[in-house]
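# below is the sequence, then the predicted model.
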Amino acid sequence: MATKRNSSSPAAAAVTPEAAWSAASELPRQQLTLAAESACAVFRGFEAMRKIQEKAAHQALQHYSRAAEKLKETSEPAQVMQVQADLLRFDLEGATQYWQQLGAAAVDMQRELMECCTHLVDQGALQRVASAGDSFPAMASAFSPFFPFNARAEAS
């Protein structure tokens, strides 16, 4: 059930400029927190993907090294065909496994990014940011002594 905010309540009218400034400074802090947490999630995902790539390259190096040694030792066409078939099988299985692992890492990264956004909602940070918006008139009135009324501005 949605709750309705009442901006004309007595509490909202009695907001001090200091409280308004404190509430208004909450928005940039929340944005920076979200950006930093999201960047961490992306970097963790890239790191996981890089480890998958490194593991796949290492396995391929080992397998192809063994195949090269076998090819040096044999001159029979049947054995050469067997090495080629083994390499083809390895490549197909390896590619399938590689792409599945990369896809899973990408899904994990996306899940972490979504958790960063829902983290704001779970902590009620969005409600605090919304209340900061309610206090902008009080903050504007606190700055009014620094900007005296200009009669020419109203005439134009």
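Thanks, I have it.
# what's the helix or strand hosting residue 114 packed up against?
Using DSSP states H and E, residue 114 falls within helix 77-122. Applying 3 or more Cβ pairs under 8 Å, 6 or more residues apart in numbering; DSSP states H and E, one finds that helix 77-122 contacts helix 26-73. To be clear about C-beta, it is placed using only N, CA and C from the backbone, and glycine gets the same treatment.
# quick check: angle from the helix it packs on to helix 77-122?
On the basis of axes from the mean of the first three to the mean of the last three Cα atoms, to 10 degrees, helix 26-73 is oriented at 170 degrees to helix 77-122.
# so which elements touch helix 26-73?
Secondary elements touching helix 26-73 (3+ Cβ pairs under 8 Å, 6+ apart): helix 77-122, helix 125-134.
# and those helices: which comes nearest residue 52?
helix 77-122 (4.7 Å; Cβ to Cβ).
# pLDDT of that closest one, averaged?
The predicted model gives helix 77-122 an average pLDDT of 93.
# with stretch 46-57 instead?
Here the average pLDDT along stretch 46-57 is 97.
# quick check: buried residues in it?
Neighbour counts over stretch 46-57 (16 or more other Cβ atoms under 10 Å) mark 48, 49, 52, 56 as buried.
# rebuild the helices and strands packed on helix 26-73 as TSV, extending it with distance to residue 41.
Listed next are those as TSV, based on distance: least, Cβ to Cβ, whole Å:
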stretch	distance to residue 41
helix 77-122	4
helix 125-134	17
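# dump these into CSV; add distance to residue 31 and mean neighbour count as well.
Below are the helices and strands packed on helix 26-73 laid out as CSV (distance: least, Cβ to Cβ, whole Å; neighbours: other Cβ atoms under 10 Å):
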stretch, distance to residue 31, mean neighbour count
helix 77-122, 10, 13
helix 125-134, 9, 16
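# nearest to residue 35, out of those?
Closest approach to residue 35 among those (Cβ to Cβ): helix 77-122, 9.1 Å.
# report how many residues lie close to residue 72.
8 (other Cβ atoms under 10 Å).
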